[in-house]
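Trainee: Below are the sequence and a predicted model; questions follow.
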Amino acid sequence: MIYFFSFIIFILGLSIGSFLNVVIDRLIKNQSLLGRSRCDYCRKKIVWHDLIPVLSFFLLKGKSRCCHKKINWQYPIVELLTGISFFLIFNFQFSIFNEFLIYQFLKLFFLLGIMSSLIVIFFSDAKYHLVSDYVLWSFFGFSFFYKMIFIISTKIGISLDILKQIQNDVFFSFLSGLIVCLPIFLIYYLSKERAMGLGDVYMTFIIGFFLDWKAGFLALYIAVLLGGLTGLILIIFKKSKLKSKIAFGPFLVIGTLIMFFWGDKIINFIKKIYGF
Ligand SMILES: [Zn+2]
């Protein structure tokens, strides 16, 4: 049964991924998300049977039917990534929690929303060096509701004063967000927007809110490390000059995902090494 649902979730991920491609490219240009996809080159409407995620790309051998130009690799990659990550989240969600089905489904739903937002942030920042406010809001919204369900499902029954608990936990989450985004805000402010954008400040706030301050800082640390390494590699291979900007968003996304999936293990490992 679990295999059957895993498969359904994977297929759902592929189709959501197809929609995310539309979001990545249209939101930045302020275009409507509705309306049939058009060819990137000749603007002809694409027929429905050429819009099947991943499969169409390979059936068409990577070339558009209308004008035989190369289809952007972004499309199948985003679709596959979304499918695989949905599959992983589904299996993760249903293996570690043992609770009411309704909580599991709500958590799964919000986690898939968070994942979708992160994929859009990753690709639009990498491609356009811009992240739409709508996507940041959706990342925040899904995180907020995920947190809510998490608090309600773990605290209910333990304390009668559930409202007080929710209040405290939400306050702690906001505080975590502020703490984690503070260094990025300072860099943004002191470099006069040259080193970091306002989008990076918002992004780190939401990461702190979603993960809490400890895991948030580690996500930030991983992002800085990966960003620095990538910059170094690009300079060594002379792909980029020191001045050319590398978007920070994609690294933040990777850091967040690593901390979300393996955060507890990483924090325990660090505690063991430093002995506290
Ligand atoms: Zn065309």
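Mentor: Perfect, thanks for sending it.
Trainee: do you know how far L27 is from L136?
Mentor: Applying C-beta to C-beta, to the nearest Å, the value for L27 to L136 is 11 Å. C-betas here are computed from N, CA, C, even on glycine.
Trainee: so what's in contact with the two at the same time?
Mentor: Common contacts of L27 and L136 (C-beta atoms under 8 Å, 6 or more residues apart in numbering): none found.
Trainee: Mind giving me the packing neighbours of whichever strand or helix holds D200?
Mentor: Element membership of D200, judged by DSSP states H and E, is helix 198-211. On a contact count with 3 or more C-beta pairs under 8 Å, 6 or more residues apart in numbering; DSSP states H and E, helix 198-211 meets helix 101-128, helix 133-155, helix 162-190, helix 213-236, helix 249-274.
Trainee: Just say which of those is most tucked in.
Mentor: helix 101-128 (a mean of 20; mean count of other C-beta atoms under 10 Å).
Trainee: and that one, what other elements does it pack with?
Mentor: By 3+ C-beta pairs under 8 Å, 6+ apart, helix 101-128 packs against helix 2-28, helix 74-96, helix 133-155, helix 198-211, helix 249-274.
Trainee: one more time with 6 Å
Mentor: Secondary-structure packing of helix 101-128 (3 or more C-beta pairs under 6 Å, 6 or more residues apart in numbering; DSSP states H and E): helix 2-28, helix 74-96, helix 133-155, helix 249-274.
Trainee: Tell me which of those lies nearest to the ion.
Mentor: helix 74-96 (13.7 Å; C-beta to the ion).
Trainee: Please list the outside residues in contact with that closest one.
Mentor: Here helix 74-96 makes contact (C-beta atoms under 6 Å, 6 or more residues apart in numbering) with 6, 9-10, 13-14, 16-18, 20-21, 53-54, 57, 108, 111-112, 115, 119.
Trainee: In that helix, which of the residues would be classed as buried?
Mentor: 75-76, 78-83, 85-90, 93-94 (16 or more other C-beta atoms under 10 Å).
Trainee: which residue packs closest to F209, ignoring adjacent ones?
Mentor: G177 (3.7 Å; C-beta to C-beta, 6 or more residues apart in numbering).
Trainee: Name the residues of stretch 12-25 that are buried.
Mentor: In stretch 12-25, residues buried by neighbour count (16+ other C-beta under 10 Å) are 12-14, 16-25.
Trainee: tell me the average confidence for that stretch?
Mentor: Mean per-residue pLDDT for stretch 12-25: 95.
Trainee: Let me know whether the residue nearest to F209 touches L211 as I believe.
Mentor: No. If you go by C-beta atoms under 6 Å, G177 and L211 don't touch, sitting 9.5 Å apart.
Trainee: before we move on, the earlier item: tabulate the buried residues of stretch 12-25 (JSON lines), appending distance to H49.
Mentor: Shown next, in JSON lines, are the buried residues of stretch 12-25 (distance: C-beta to C-beta, whole Å):
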{"residue": "L12", "distance to H49": "20"}
{"residue": "G13", "distance to H49": "20"}
{"residue": "L14", "distance to H49": "15"}
{"residue": "I16", "distance to H49": "19"}
{"residue": "G17", "distance to H49": "18"}
{"residue": "S18", "distance to H49": "13"}
{"residue": "F19", "distance to H49": "17"}
{"residue": "L20", "distance to H49": "21"}
{"residue": "N21", "distance to H49": "17"}
{"residue": "V22", "distance to H49": "18"}
{"residue": "V23", "distance to H49": "22"}
{"residue": "I24", "distance to H49": "23"}
{"residue": "D25", "distance to H49": "21"}
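Trainee: Good, wrapping up.
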